[in-house]
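Novice: just a sequence and a predicted model for now, questions to come.
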Amino acid sequence: MQSTQTRITHPELPGQGTIKPNRKERVDIHIVSNDELILELNGMIATDQTGRFPIMSKKGNQYIVVLYNYDSNTIIATGCKSRTGSDLIDAYDELYNQLIKAGIVPVIQQLDIEVSQSLIDAIENKGLDYQLASPYDHQLNPAERQVQTFNNHLISNLHGCDTSFPAYEWCSIIRQCEMTLNMLRRLRINPKLSAYTQLFGMFDYNQTPLAPLGTKAFAHERPNQRCTHADHGKNSLCHWTFHASLPASQLLHSRDQWYPQF
(Lines give C-alpha, C1' and ligand atoms only; values in the text may rest on other atoms or scores of the structure.)
Protein backbone atom coordinates (compact mmCIF):
# COMPACT_ATOMS: atom_id res chain seq x y z
CA MET A 1 0.00 0.00 0.00
CA GLN A 2 1.38 3.37 -1.01
CA SER A 3 2.01 5.53 2.04
CA THR A 4 1.32 9.23 2.02
CA GLN A 5 4.43 11.38 2.09
CA THR A 6 4.46 14.69 3.96
CA ARG A 7 6.48 17.62 2.68
CA ILE A 8 7.71 20.08 5.32
CA THR A 9 8.64 23.54 4.12
CA HIS A 10 9.44 26.84 5.77
CA PRO A 11 7.11 29.58 4.52
CA GLU A 12 9.67 32.33 5.03
CA LEU A 13 12.41 30.75 2.92
CA PRO A 14 12.22 31.09 -0.87
CA GLY A 15 12.58 28.26 -3.34
CA GLN A 16 11.18 25.50 -1.13
CA GLY A 17 8.62 22.80 -1.78
CA THR A 18 8.46 19.57 -3.70
CA ILE A 19 11.53 18.84 -5.80
CA LYS A 20 10.71 19.13 -9.47
CA PRO A 21 11.81 16.56 -12.08
CA ASN A 22 14.72 18.72 -13.24
CA ARG A 23 15.75 19.22 -9.58
CA LYS A 24 16.86 22.79 -10.22
CA GLU A 25 15.99 24.57 -7.00
CA ARG A 26 17.03 24.88 -3.39
CA VAL A 27 17.38 21.86 -1.16
CA ASP A 28 14.60 21.80 1.43
CA ILE A 29 13.52 19.56 4.28
CA HIS A 30 10.92 16.98 3.35
CA ILE A 31 9.91 13.47 4.40
CA VAL A 32 10.03 10.94 1.58
CA SER A 33 10.03 7.19 1.16
CA ASN A 34 13.29 5.30 0.77
CA ASP A 35 12.66 4.74 -2.95
CA GLU A 36 12.05 8.45 -3.51
CA LEU A 37 15.21 9.31 -1.57
CA ILE A 38 17.34 6.98 -3.71
CA LEU A 39 15.80 8.45 -6.87
CA GLU A 40 16.57 11.99 -5.78
CA LEU A 41 20.18 11.20 -4.79
CA ASN A 42 21.15 9.09 -7.81
CA GLY A 43 23.97 10.74 -9.73
CA MET A 44 24.44 13.34 -7.00
CA ILE A 45 27.72 14.96 -6.03
CA ALA A 46 28.23 17.60 -3.36
CA THR A 47 31.17 19.90 -2.73
CA ASP A 48 32.30 22.17 0.05
CA GLN A 49 35.51 23.71 1.39
CA THR A 50 37.12 23.45 4.78
CA GLY A 51 38.06 26.42 6.89
CA ARG A 52 41.48 27.98 6.43
CA PHE A 53 44.31 25.74 7.57
CA PRO A 54 46.44 27.37 10.32
CA ILE A 55 49.64 27.04 8.25
CA MET A 56 50.03 27.70 4.55
CA SER A 57 51.46 24.68 2.74
CA LYS A 58 54.64 24.89 0.70
CA LYS A 59 52.43 24.78 -2.41
CA GLY A 60 50.56 27.87 -1.24
CA ASN A 61 47.39 25.95 -0.29
CA GLN A 62 45.28 27.19 2.61
CA TYR A 63 42.03 25.24 2.12
CA ILE A 64 40.85 21.77 1.19
CA VAL A 65 38.06 21.21 -1.33
CA VAL A 66 36.03 18.08 -0.60
CA LEU A 67 33.78 16.31 -3.12
CA TYR A 68 31.30 13.62 -2.10
CA ASN A 69 29.69 11.21 -4.57
CA TYR A 70 26.52 9.48 -3.38
CA ASP A 71 26.48 6.48 -5.75
CA SER A 72 30.01 5.31 -4.92
CA ASN A 73 30.03 6.75 -1.36
CA THR A 74 33.48 8.21 -2.06
CA ILE A 75 35.09 11.28 -0.54
CA ILE A 76 37.88 12.86 -2.57
CA ALA A 77 39.79 16.02 -1.74
CA THR A 78 42.50 18.34 -2.96
CA GLY A 79 44.32 21.42 -1.72
CA CYS A 80 43.23 24.91 -2.77
CA LYS A 81 44.92 28.29 -2.45
CA SER A 82 41.70 30.28 -1.97
CA ARG A 83 37.95 29.70 -1.77
CA THR A 84 37.10 31.96 -4.69
CA GLY A 85 38.01 32.58 -8.30
CA SER A 86 40.09 30.39 -10.55
CA ASP A 87 41.76 28.54 -7.65
CA LEU A 88 38.46 27.04 -6.54
CA ILE A 89 37.42 26.20 -10.10
CA ASP A 90 40.76 24.47 -10.77
CA ALA A 91 40.34 22.36 -7.63
CA TYR A 92 36.74 21.53 -8.59
CA ASP A 93 37.77 20.52 -12.12
CA GLU A 94 40.50 18.27 -10.74
CA LEU A 95 38.05 16.39 -8.52
CA TYR A 96 35.34 16.24 -11.19
CA ASN A 97 37.75 14.85 -13.79
CA GLN A 98 38.84 12.23 -11.26
CA LEU A 99 35.25 10.93 -11.16
CA ILE A 100 34.90 11.01 -14.94
CA LYS A 101 38.13 9.04 -15.32
CA ALA A 102 36.69 6.40 -12.98
CA GLY A 103 33.56 6.12 -15.14
CA ILE A 104 31.27 8.03 -12.78
CA VAL A 105 29.16 10.66 -14.55
CA PRO A 106 27.36 13.02 -12.12
CA VAL A 107 24.03 14.55 -13.11
CA ILE A 108 23.34 16.95 -10.25
CA GLN A 109 25.46 19.03 -7.90
CA GLN A 110 24.52 20.13 -4.38
CA LEU A 111 26.48 22.94 -2.82
CA ASP A 112 26.37 25.67 -0.24
CA ILE A 113 24.40 28.85 -0.91
CA GLU A 114 27.60 30.90 -0.47
CA VAL A 115 28.99 30.16 -3.91
CA SER A 116 30.52 32.33 -6.61
CA GLN A 117 28.92 32.82 -9.99
CA SER A 118 32.09 31.58 -11.68
CA LEU A 119 31.68 28.18 -9.99
CA ILE A 120 28.02 28.07 -11.02
CA ASP A 121 29.10 28.74 -14.61
CA ALA A 122 31.67 25.93 -14.40
CA ILE A 123 28.98 23.52 -13.16
CA GLU A 124 26.56 24.51 -15.93
CA ASN A 125 29.29 24.16 -18.56
CA LYS A 126 29.59 20.51 -17.53
CA GLY A 127 25.88 20.00 -18.16
CA LEU A 128 25.00 19.49 -14.50
CA ASP A 129 21.89 20.61 -12.67
CA TYR A 130 22.58 22.14 -9.27
CA GLN A 131 20.83 22.75 -5.97
CA LEU A 132 21.74 25.36 -3.37
CA ALA A 133 21.23 24.72 0.33
CA SER A 134 18.60 26.87 1.99
CA PRO A 135 19.79 30.00 3.82
CA TYR A 136 21.04 29.49 7.40
CA ASP A 137 20.91 25.70 7.04
CA HIS A 138 24.24 24.56 5.63
CA GLN A 139 23.73 21.00 6.90
CA LEU A 140 21.36 20.40 3.98
CA ASN A 141 24.48 20.17 1.84
CA PRO A 142 25.62 16.51 2.12
CA ALA A 143 29.23 17.60 1.75
CA GLU A 144 29.10 19.36 5.14
CA ARG A 145 29.20 16.03 6.97
CA GLN A 146 31.79 14.59 4.59
CA VAL A 147 34.08 17.57 5.23
CA GLN A 148 33.96 16.70 8.95
CA THR A 149 34.72 13.07 8.17
CA PHE A 150 37.71 13.94 5.99
CA ASN A 151 38.99 16.53 8.47
CA ASN A 152 38.85 13.99 11.31
CA HIS A 153 40.78 11.48 9.21
CA LEU A 154 43.37 14.09 8.21
CA ILE A 155 43.86 15.28 11.79
CA SER A 156 44.30 11.74 13.08
CA ASN A 157 47.02 11.17 10.47
CA LEU A 158 48.74 14.45 11.29
CA HIS A 159 48.89 13.48 14.97
CA GLY A 160 50.54 10.22 13.93
CA CYS A 161 53.38 12.03 12.15
CA ASP A 162 56.83 12.35 13.63
CA THR A 163 57.32 15.40 15.86
CA SER A 164 59.87 16.78 13.40
CA PHE A 165 57.50 16.45 10.44
CA PRO A 166 57.29 19.93 8.82
CA ALA A 167 53.82 21.44 9.29
CA TYR A 168 53.87 23.12 5.88
CA GLU A 169 53.79 19.67 4.23
CA TRP A 170 50.21 18.98 5.35
CA CYS A 171 48.86 19.10 1.79
CA SER A 172 51.32 16.38 0.74
CA ILE A 173 49.53 13.74 2.82
CA ILE A 174 46.04 14.45 1.44
CA ARG A 175 46.47 11.84 -1.29
CA GLN A 176 47.07 8.90 1.05
CA CYS A 177 44.47 10.16 3.55
CA GLU A 178 41.95 10.07 0.71
CA MET A 179 43.05 6.55 -0.23
CA THR A 180 42.83 5.06 3.26
CA LEU A 181 39.54 6.82 4.04
CA ASN A 182 37.82 5.40 0.96
CA MET A 183 39.25 1.95 1.67
CA LEU A 184 37.29 2.06 4.93
CA ARG A 185 34.03 3.15 3.26
CA ARG A 186 31.64 0.67 1.67
CA LEU A 187 30.60 1.04 -1.93
CA ARG A 188 26.89 1.90 -1.90
CA ILE A 189 25.93 -0.15 -4.96
CA ASN A 190 27.92 -3.18 -3.76
CA PRO A 191 28.65 -3.16 0.00
CA LYS A 192 31.11 -6.06 -0.41
CA LEU A 193 33.56 -3.67 -2.10
CA SER A 194 35.20 -0.50 -0.86
CA ALA A 195 34.54 2.94 -2.26
CA TYR A 196 38.21 3.07 -3.26
CA THR A 197 37.78 0.03 -5.50
CA GLN A 198 35.05 1.78 -7.49
CA LEU A 199 37.30 4.73 -8.31
CA PHE A 200 40.75 3.22 -8.66
CA GLY A 201 40.35 -0.57 -8.82
CA MET A 202 41.72 -3.21 -6.46
CA PHE A 203 44.64 -2.00 -4.38
CA ASP A 204 47.69 -4.28 -4.40
CA TYR A 205 49.42 -3.96 -1.03
CA ASN A 206 52.29 -6.17 -2.21
CA GLN A 207 53.06 -3.84 -5.10
CA THR A 208 52.55 -0.62 -3.13
CA PRO A 209 52.96 -0.89 0.66
CA LEU A 210 51.25 1.85 2.67
CA ALA A 211 53.70 3.21 5.22
CA PRO A 212 52.37 5.35 8.10
CA LEU A 213 52.30 8.99 7.04
CA GLY A 214 54.98 11.30 8.39
CA THR A 215 57.21 8.44 9.55
CA LYS A 216 60.84 9.46 9.89
CA ALA A 217 63.13 7.34 7.76
CA PHE A 218 66.77 7.38 6.66
CA ALA A 219 68.04 6.79 3.15
CA HIS A 220 70.43 3.86 3.15
CA GLU A 221 74.08 4.59 2.40
CA ARG A 222 75.97 1.91 0.53
CA PRO A 223 79.19 0.50 2.03
CA ASN A 224 81.34 2.45 -0.42
CA GLN A 225 79.63 5.67 0.73
CA ARG A 226 80.36 5.33 4.47
CA CYS A 227 83.12 4.40 6.88
CA THR A 228 83.42 0.89 8.28
CA HIS A 229 81.70 1.55 11.62
CA ALA A 230 79.57 4.48 10.55
CA ASP A 231 75.79 4.56 10.70
CA HIS A 232 74.04 3.20 7.64
CA GLY A 233 72.13 6.47 7.31
CA LYS A 234 72.79 10.09 8.28
CA ASN A 235 70.64 12.86 9.70
CA SER A 236 71.34 14.91 6.59
CA LEU A 237 69.44 12.26 4.62
CA CYS A 238 66.40 12.28 6.88
CA HIS A 239 63.09 11.66 5.11
CA TRP A 240 59.37 11.49 5.85
CA THR A 241 56.89 9.25 4.13
CA PHE A 242 54.25 11.31 2.33
CA HIS A 243 52.10 9.10 0.16
CA ALA A 244 52.01 5.98 -1.94
CA SER A 245 53.27 6.65 -5.45
CA LEU A 246 51.02 4.99 -8.01
CA PRO A 247 51.83 3.09 -10.11
CA ALA A 248 55.58 3.65 -9.58
CA SER A 249 57.50 2.31 -6.60
CA GLN A 250 57.01 3.75 -3.12
CA LEU A 251 59.01 6.94 -2.75
CA LEU A 252 60.48 8.90 0.12
CA HIS A 253 60.83 12.64 -0.05
CA SER A 254 63.62 14.83 1.29
CA ARG A 255 63.75 18.53 0.47
CA ASP A 256 63.49 18.65 -3.34
CA GLN A 257 64.80 15.17 -4.12
CA TRP A 258 63.05 11.83 -4.42
CA TYR A 259 64.56 8.49 -3.46
CA PRO A 260 63.14 5.01 -4.13
CA GLN A 261 62.25 2.90 -1.11
CA PHE A 262 63.98 -0.48 -1.25
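Specialist: Thanks, I have it. Everything quoted here is computed from the prediction, not taken from an experiment.

Novice: make sure residue 118 is indeed in a helix.
Specialist: Yes: Residue 118 sits within a helix when classified using DSSP: H, G, I helix; E, B strand; the rest coil.

Novice: how about the strands in the chain?
Specialist: Counting by DSSP state E, the chain has strands at residues 44-49, 63-69, 74-80, 108-111, 129-132, 216-218, 238-240, 251-254, 257-260.

Novice: and the ones you listed as CSV, adding mean pLDDT, distance to residue 117 and mean neighbour count?
Specialist: (Glycine included, C-beta is placed from N, CA and C.) Formatted as CSV, the entries for the strands of the chain read as follows, by pLDDT from 0 to 100; distance: least, Cβ to Cβ, whole Å; neighbours: other Cβ atoms under 10 Å:
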stretch, mean pLDDT, distance to residue 117, mean neighbour count
strand 44-49, 89, 16, 24
strand 63-69, 93, 18, 24
strand 74-80, 94, 18, 24
strand 108-111, 88, 13, 23
strand 129-132, 86, 12, 20
strand 216-218, 75, 46, 16
strand 238-240, 61, 41, 19
strand 251-254, 42, 39, 17
strand 257-260, 38, 41, 12
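
Novice: export those strands as TSV, with columns for distance to residue 152.
Specialist: Compiled in TSV, these are given as follows (distance: least, Cβ to Cβ, whole Å):
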stretch	distance to residue 152
strand 44-49	15
strand 63-69	12
strand 74-80	11
strand 108-111	21
strand 129-132	26
strand 216-218	24
strand 238-240	22
strand 251-254	25
strand 257-260	30
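
Novice: what's the closest of the ones you listed to residue 172?
Specialist: Counting by Cβ to Cβ, residue 172 lies closest to strand 251-254 out of the strands of the chain; the figure is 7.4 Å.

Novice: so who does the closest residue to residue 59 other than its chain neighbours touch?
Specialist: The spatial neighbour of residue 59 that comes closest, neighbours along the chain excluded (Cβ to Cβ, 6 or more residues apart in numbering), is residue 171 at 5.7 Å. Taking Cβ atoms under 8 Å, 6 or more residues apart in numbering as the contact definition, residue 171 lies against 57-59, 61, 64, 79.

Novice: tell me which of the strands of the chain lies nearest to residue 210.
Specialist: Between residue 210 and the strands of the chain, the tightest spacing by Cβ to Cβ is seen for strand 251-254, at 12.9 Å.

Novice: residue 97: how many residues sit nearby?
Specialist: Look at residue 97: counted by other Cβ atoms under 10 Å, it has 11 neighbours.

Novice: could I get the pLDDT score of it?
Specialist: Residue-level confidence at residue 97 comes out at 93, pLDDT.

Novice: same question for residue 123.
Specialist: On the pLDDT scale, residue 123 is placed at 90.
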